[in-house]
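Q: Below is the sequence, then the predicted model.
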Amino acid sequence: MKTLVMKFGGTSVGGAPAVTQAAAIVMEQAQAWERLVVIVSAMRGGPRERGVTDALIQGARTAASGDGQTYPALVTDLRVKHTLAVAELLADADERTALLKALDAYLDEFAVFCHSVQVLGEVTPRAMDAISSLGERMNARIVAARLRQDGLRSEAVDATELIVTDRRFQQAAPLMDLTRARTQARLLPLLEAGVVPVVTGFIGATEDGITTTLGRGGSDYSASILGAALDADEVWTWTDVDGVLTTDPRIVPDARVIPVLSYSEVGELAYFGAKVLHPKTISPVVERGIPLWVKNTFNPTCPGTRIVREPESTPGTVKAVSAIKGLSMVNVEGRGMMGVPGIAARTFAAVASQGASVLMISQASSEQSICFVIPTDAVAGVIAAIEEEMALELARRDIDRVWSMDDVVIVTAVGAGMRSTPGVAARLFGALAQKQINVVAIAQGSSECSISLVVAADQATEAVRQIHAEVINGK
């Protein structure tokens, strides 16, 4: 039987008008597909409006600092927000009363959590996962109630019953075999009975039932996990843009939708700063070859972007350019490093000891320097760890110094058509040279569908615009 999994992001279910629009899309697709599963995020409004998950996290953090005033105010704000949405969405008084009672219970739970955190003076990752999961739990019940009002059989389902994860709270990873078994046992009877499950995005649970989260933006990941577990025919993720764009439209207003991308291309884009998809979204669907679509809730007639196994490209084509900000480049350099085995391994062992994520690595062929890019807030700890690990080499002057260049940005050009095509790098550097933009370091991924360039932060916007104008539009 044909199965579709659809995920709606926070802005796509961010209030009564958005939920009404999302419900209309679900109603339409329920007629076209034999089985339909819906995943929802917590409510989030426009770019200037704080989302529900942000409010929950703020309440926990302020409570941990000893603040007993902020979280009660947030409980009130969230109660008003959800009550107004329910009043606008539901006409049936009994359904409204039952739903509001359930929402009140979740908000009371939030208040109890925050009080406990305030007493303890800290919020553990496990507690934060329990607290930050409440937004999805509330919204799944709101969306399911609206679908029932519209005449569709629907039931809210917590992903804690479906997605089994490890115990890495805040960044949990799914255990796919267990997840597949639990998902099929819980959802297949509903689907066979013609019920549309509305599942909480972003969350899962350990084998013994402790709530975990998949990381911020993890509802995309939830959709692909459940799509793979159900052997879905397609996974659609609904957002507030028309698809995956050639670049950030806030930087380049004429950025356009890319009709088709491969798994590897969109994986590179997600990793290197594109905000449309969670970076881990692709991995569960790759093995089963499930097509993934990115569509716009508020412009549902737009086809969006289709993401498939094999790229559709022409030689030399660069499809998109993205940027990651807030970075620093750490340099380990010294003439005595040349030919000494294990320097790189020890360097990155020191980095790993600090839990820092390395986004890019470049090493001179002479082996006299290693440079790598990490988030700026990790720099102090990483440099201290490397200096401790390399204390003997620094004393002997085999390593001259370990230092950082702050305020840098990774600009990445992505396109499978770049593979084995001479001259692509020359076109990128030529475009940047026209505006006197200096490239500090470069790296090409082993996938051969991306080239990453490190530039100064104050030149990053112009670099993205130049590459888009000269290499993507000017191809």
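A: Looks like it came in fine.
Q: Pop the domain breakdown of the protein in here.
A: For the chain, automatic domain parsing gives the domain ranges 3-240, 320-472.
Q: quick one, which of those domains is nearest to Pro303?
A: Ranking the domains of the chain by their distance to Pro303 (criterion: Cβ to Cβ) puts domain 3-240 first, at 11.4 Å. For every residue, glycine as well, the C-beta is placed using N, CA and C.
Q: distance between that closest one and the chain's centre?
A: 16 Å (Cα atoms, centre = their mean, to the nearest Å).
Q: quick one: Leu245 and Ala320 touch, right?
A: Yes - between Leu245 and Ala320 there is a contact under Cβ atoms under 8 Å: 7.3 Å.
Q: out of those two, which sits in the more crowded spot?
A: Neighbours per residue (other Cβ atoms under 10 Å) separate Leu245 from Ala320, with Ala320 holding more: 26 against 20.
Q: And what about Gly215, helix, strand or coil?
A: What DSSP: H, G, I helix; E, B strand; the rest coil gives for Gly215 is coil.
Q: Could you pull up the contacting residues of it?
A: Neighbouring residues of Gly215 by Cβ atoms under 8 Å, 6 or more residues apart in numbering: 170-172, 221, 278, 280.
Q: tell me which of those is nearest to Gly14?
A: Taking Cβ to Cβ as the measure, Gly14 sits nearest to His278 out of the contacts of Gly215, at 17.9 Å.
Q: what is in contact with Leu245 and Ala320 at once?
A: By the contact definition Cβ under 8 Å, 6+ apart, Leu245 and Ala320 are jointly contacted by Ile258.
Q: List only buried entries from the contacts of Gly215.
A: Among these, those classed as buried by 16 or more other Cβ atoms under 10 Å are 171-172, 221, 278, 280.
Q: Which ones among those lie within helices?
A: If you go by DSSP state H, the buried ones among the contacts of Gly215 have Tyr221 in helices.
Q: Determine how far stretch 456-465 lies from the middle of the whole chain.
A: So, by Cα atoms, centre = their mean, the centroid of stretch 456-465 is 23 Å from its chain's centroid.
Q: Convert the C-alpha atoms of that stretch to CSV, please.
A: In CSV, the C-alpha atoms belonging to stretch 456-465 read as follows (Å, rounded to 0.1, in the frame of the first residue of the first chain):
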residue,chain,number,x,y,z
ALA,A,456,36.9,36.6,6.5
ALA,A,457,33.5,37.2,8.1
ASP,A,458,33.3,40.7,6.7
GLN,A,459,33.7,39.4,3.2
ALA,A,460,31.4,36.4,3.4
THR,A,461,28.2,38.0,2.2
GLU,A,462,29.9,39.4,-0.9
ALA,A,463,31.6,36.0,-1.5
VAL,A,464,28.2,34.3,-1.5
ARG,A,465,26.7,36.9,-3.8
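Q: quick one: buried residues of it?
A: Taking 16+ other Cβ under 10 Å as the criterion, stretch 456-465 shows 456, 459-461, 463-465 as buried.
Q: Make a markdown table out of these and add secondary structure and pLDDT.
A: Putting the buried residues of stretch 456-465 into a markdown table (DSSP: H, G, I helix; E, B strand; the rest coil; pLDDT from 0 to 100) gives the following:
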| residue | secondary structure | pLDDT |
| --- | --- | --- |
| Ala456 | strand | 96 |
| Gln459 | helix | 96 |
| Ala460 | helix | 95 |
| Thr461 | helix | 95 |
| Ala463 | helix | 95 |
| Val464 | helix | 95 |
| Arg465 | helix | 95 |
